[in-house]
Structures are given as structure tokens and as C-alpha cells.
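> Sequence below, structure please.
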Amino acid sequence: MLGNFNNDQPSIEIEVRGVSEVGKQLTAFVDSGFNSYLQLPFVEAFPLGLVLAGIQKKTLADGSSSSHFVCRGTVCVDGKCIVTTIDIVQANIILIGTKLLKELDKTFILDCAAGRVEIIDNATK
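As a prediction, this is how the structure comes out:
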């Protein structure tokens, strides 16, 4: 699966589904420093019918703390889907984290010089 560079940030197309089973195609930035599954803004999350799993508190890089909703939903990358937790935040950015790629058994290839972003199955390496 080939991705793109948007403002020098690697992005790929994903699908997210909630209880309604109606999926939505979204463009997500791949963030190698985000060690979770998926982060969605409120505006994208609520129409999908994601199931609330709780509230999570985290400490940010500057030492401050923040709380956000955690929901369960289905995330699909390149035709492979898993049910997982999704962080719901106020920020208007969609992020894919390293845990999602690991759970999906995907390899993330980033070639900044060539502007190449690729997600491949580990079985095809």
C-alpha cells in the first residue's frame, strides 16, 4: 500500500468502523512517536458510532497532563482489519501509532528523499 506526503508528513488511507458497521475512509498521518493504535478527533469519531471504553489520562512531553475518551472500533489498513481502542481527542488530526502497525503485522517504509511512504505485510517482505 502506497501512502503520500502531506506537508512533509507521511500519510496513508485507512477505514474506521463503529457499531453501525458503516465504514469511513480517512487519511491518517503515520506517527512513529505515537505508541498507541489510532487517534481521531471528535468530529470524525462520533458519527461512526464508536463504543466508549473509558477515559485515559496521560502525561504530555511538557509535563502537563491531559485526559481523553477511549473508544472501541474497527480499523482497517490495506484490507486487514482489527477491533481495537481508539483515542478520541479535541485536536483535529488523525494519527496512526506503532501499536496499530504492529498488531496488523505491517512494516512501515519511509523514504523522505524520494517522498515514498509504504505499508506492507510482513509476510511479503
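> hang on, Ile82 packs against Lys99?
No - using C-beta atoms under 8 Å, Ile82 is not in contact with Lys99; the gap is 10.4 Å. To be clear about C-beta, it is placed using only N, CA and C from the backbone, and glycine gets the same treatment.
> avg pLDDT for the longest strand along the chain?
Longest strand in the chain, counting residues (DSSP state E): strand 65-77. Per-residue pLDDT over strand 65-77 has a mean of 94.
> what element comes up after it heading to the C-terminus?
Next helix or strand after strand 65-77 toward the C-terminus (DSSP states H and E): strand 80-89.
> so what does that next one touch, helix or strand wise?
Under the contact definition 3 or more C-beta pairs under 8 Å, 6 or more residues apart in numbering; DSSP states H and E, strand 80-89 sits against strand 38-41, helix 42-45, strand 65-77, helix 98-103.
> please redo it, this time with the cut-off set to 10 Å
Applying 3 or more C-beta pairs under 10 Å, 6 or more residues apart in numbering; DSSP states H and E, we find strand 80-89 packed against strand 9-17, strand 38-41, helix 42-45, strand 51-59, strand 65-77, helix 98-103.
> The fifth one pairs with which strands, and in what direction?
What it means is strand 65-77. According to DSSP bridges, strand 65-77 forms sheet pairs with strand 9-17 (antiparallel), strand 51-59 (antiparallel), strand 80-89 (antiparallel).
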